[in-house]
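Engineer: Here you go, sequence then predicted model.
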Amino acid sequence: MKSFSNFNFNFIKYSKFAYIISGIIILIGILLFFTRGIRTSIDFSGGTVVNCNISKDKYDINFLRDYLTQKIDQEIKVVEEDFDGNDYTVLLTMQFLDDETALEKLLTEIYQDKYQINMIESIGGKIGDELQHSAIKAIITAMIFIGIYITFRFDSFYAIGSLIAIVHDVAITFTGLMIFQYEISISIIAALLTIVGYSLNDTIVIYDRVRENLKINFKVDRNIVANNSLNITLNRTIITSLTTLMVAFALFIVGGDVLKPFSMALIIGVITGTYSSLFIATPIMLILEDKYKLEDLQEGE
């Protein structure tokens, strides 16, 4: 694929528009966070989830919801996941149940042998809080080590640029998930860490080319050299992103409801990661170097 071999787009010039677009999207995410909040799965909030099949002859979603709500004395969320012509696959979500057998007895009272429980998963509130704190620590720890690695490999300005790009990617991915009202679960955290790694890899490839070209063309304007480097690596960046997106879209289409949140996070993250590698990481690095006159400091040493 050589479609972008002779492409010459001024990424540095239009990065200011990218900042505005990103700022608007992140602002939408902040507004959604304070107005709607983040929907968390039982992985973090705690609760009980039951996946079961119910015969179509016996199934009535309103009756099931009202009956269980009355008997268990809490609000029950009932979601139809699938229908194979004979049985409905139903997902029941509720607060943590100490006695799961009580729920089974209630379902037996209603349906006798016309139902089958496929899975019951219960997570207590304390465990959910611990998982939430562990997930936050994992993301922060990953970013710290990334910052240290890039500082040693390049310099602190490159590191700051890459970290801002990563935070940008995570923030926009969260915004997308809130817009589409996906629950944040352990699989989403795994997707976010994958996005962090993907974005970093893309940024490092670009940084390598920028640094190499800056050494060779040290008398040329830094913005021109950086922009040429971005265009040189554009072919590789687009091909990598498209192949990754193909896999993510395949997961979203055929992976079922369980993998949809994970694959949607990957789709948003890959698109955002590609965008940030071109319009965020390198331009910010250049702004920081110009502002703090890195070259002058190095000559002074």
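Structural biologist: Cool, got the structure.

Engineer: Sort out which residues of the longest helix seen in the chain are buried, please.
Structural biologist: Across the chain, the helix with the greatest residue count (assigned by DSSP state H) is helix 186-216. With burial defined by 16 or more other CB atoms under 10 Å, the residues of helix 186-216 counted as buried are 187-189, 191-192, 194-196, 198-200, 202-204, 206-207, 209-211, 213-214. Backbone N, C-alpha and C define where each C-beta goes, glycine included.

Engineer: One more: stretch 86-102?
Structural biologist: Neighbour count says stretch 86-102 has Asp87, Tyr88, Thr89, Val90, Leu91, Leu92, Thr93, Met94, Phe96, Leu97 buried, by 16+ other CB under 10 Å.

Engineer: what sits up against whatever helix or strand Ile21 lives in?
Structural biologist: In this structure, Ile21 sits in helix 11-35 according to DSSP states H and E. By CB atoms under 8 Å, 6 or more residues apart in numbering, the list of residues contacting helix 11-35 from outside reads 168, 171-172, 174-175, 178-179, 223, 226-227, 230-231, 275-276, 278-280, 282-283, 286.

Engineer: Keep only those of these that are in helices.
Structural biologist: Using DSSP H, the contacts of helix 11-35 in helices are 168, 171-172, 174-175, 178-179, 223, 226-227, 230-231, 275-276, 282-283, 286.

Engineer: Show the buried residues in the residues you listed.
Structural biologist: Buried members of the ones in helices among the contacts of helix 11-35, scored by 16+ other CB under 10 Å, are 168, 171-172, 174-175, 178, 223, 226-227, 230-231, 275-276, 282-283, 286.

Engineer: can you pull out the helices in the stretch 51-200 of the chain?
Structural biologist: Taking DSSP state H, counting those that start in this stretch as the test, the helices found in the stretch 51-200 of the chain are 61-72, 100-111, 125-153, 156-179, 186-216.
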